[in-house]
Structure formats: structure tokens, C-alpha cells
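Q: sequence unavailable; structure follows:
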């Protein structure tokens, strides 16, 4: 038989069959458990039979005062936790709002840059493009490059060795 079944039967006060008694005789752990259970049970019976002591003078006022002090301490602690909780919630909402704004607002546009810097940048790009068109890619004037190139030689000799 298992020890937990035997211990449950001891706690419930059920009459022990021969199998349980045989287990109790052979198991030292269950014997110790039975001895401890009997001590606890005897103590509980003795407490039930004894008379309750009379409270001392002023007992009720001391108990009520302690309860009131404890309730004010609990209320003060509760108010403190409420304030911290609100601040934590507000801080969390602010962080979430900042993250949301960082994701929603574009990195360029009227909200992020001034119109002056964009117009200056656009003017410098236009002037750079116009100078590239005039000078060419290598920085050589395109009109000079076509003028200074040698003219291609035209061969008017049409099949003969000599010229006429």
C-alpha cells in the first residue's frame, strides 16, 4: 500500500483495515507521521476544552487604534502607488507617442526642413548641371573639342595610282 493513501486515512480518522495496519507496522515514516498526527490532534482537543481568557482592560480600544493606524498606512501607501502608477502610465504613453510620431512623420518635407535650404540646394544643383553641359563631362569646353579635332582626311583617289 502507498504511504499517501495511509496518511490520508490517518488524517480522516477512518478505521484502518488490516492492510493499512500491516503497512504501518513495516513503514517507519508512516509510524512517525501517525505519532505526530496524534500529538497535534491531542493539542487541538485540549484547546477546545480550555476556557478562553478574558481580554485585558482597554483591549478593544488598542485593537481599534491599531486597525485605524494600519488602515491610514495602507491608504498612504495606496495613494503613493497610485501616483507612481499614473506617472508610469503617462510616461509610457509619451514614449509610445514619440515613437509613433517618428514613424509617421516623413524624414523630408515641410515638417522636417525649411524651404530656404531646399531652394539653395536646388540652385546649386542647377548651376552644376549647366556647367557640366557647357564644359562636358571631362571639364573641357564642348565647342573647343569639336573645333580643335583634326578634320578627317578625304581620299579622292578612286582606284588609280597616280592623280590626274
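A: Sure, I can see it. Computed from a predicted model, the values in this text were never measured in an experiment.

Q: CA only for contacts and neighbour counts going forward, please
A: Fine.

Q: helices along the chain, start to end?
A: Assignment of helices within the chain using DSSP state H yields the ranges 3-12, 18-26, 28-49, 59-104, 115-135, 142-148.

Q: residue ranges with poor pLDDT in the protein?
A: Within the chain, the set of residues satisfying pLDDT under 70 comprises 108-164.

Q: if I look at residue 62, how far off is residue 68?
A: Residue 62 sits 10 Å away from residue 68, going by Cα to Cα, to the nearest Å.

Q: ignore what I typed, I meant residue 61.
A: From residue 61 across to residue 68, the span is 10 Å (Cα to Cα).

Q: burial count for residue 11?
A: By other Cα atoms under 10 Å, the residues close to residue 11 number 13.

Q: just confirm it contacts residue 37, I think it does.
A: Yes: if you go by Cα atoms under 8 Å, residue 11 and residue 37 touch, sitting 7.4 Å apart.

Q: next, the buried residues of stretch 15-35.
A: For stretch 15-35, a neighbour-count test (16 or more other Cα atoms under 10 Å) marks 20, 23-24, 30, 33-34 as buried.
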